[in-house]
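*Asks:* Okay, sequence plus prediction incoming.
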Amino acid sequence: MRPLVLAALLLAACQSTTTTPPEPEFQVIPLQYASAHELANQLTALVGREAAGLDNEPIAAFIADPRTNSILVRAKPENMPMVHELIARLDQQVPGKKP
């Protein structure tokens, strides 16, 4: 077999077996009780870029949309369920405070 043909076959085999990581996705999560601005700050400190430090990749990125009181989330698909659960746990009505 010619060297160029062999190199092309090896290259094709390597490319077909390597998988690319899933692309991050974006979701808008409406809030019922919590302030979008306050919650986005808390989430960023907890699992976002502030928590990741210099060596680690953040689990998600959060931006508040005060107009709709929603959180814009950018995360890998495998991290979205954890993000949804965390937001649901934090978006609770506080006794004695009006929504």
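*Replies:* Happy to help now that I have it.

*Asks:* where along the chain do the helices fall?
*Replies:* According to DSSP state H, the chain carries its helices in the segments 3-17, 36-47, 49-52, 80-90.

*Asks:* Give me the residue at the spatial middle of this structure.
*Replies:* Taking C-alpha atoms, centre = their mean, the centroid of the chain lies closest to Ala75, which sits 1.6 Å from it.

*Asks:* I figured it hits Pro24, correct?
*Replies:* Yes. Here Ala75 reaches Pro24: they are 5.9 Å apart, a contact under C-beta atoms under 8 Å. C-beta: built from backbone N, CA, C; applies to glycine.

*Asks:* rank the helices of the chain by mean pLDDT and give me the bottom one.
*Replies:* Note on those: helix 3-17 shows the lowest mean pLDDT, a mean of 56.

*Asks:* which residues does Val28 contact?
*Replies:* Asp65, Thr68, Ser70, Ile71, Leu72, Val73 (C-beta atoms under 8 Å, 6 or more residues apart in numbering).

*Asks:* Please consider this matter closed, and thank you.
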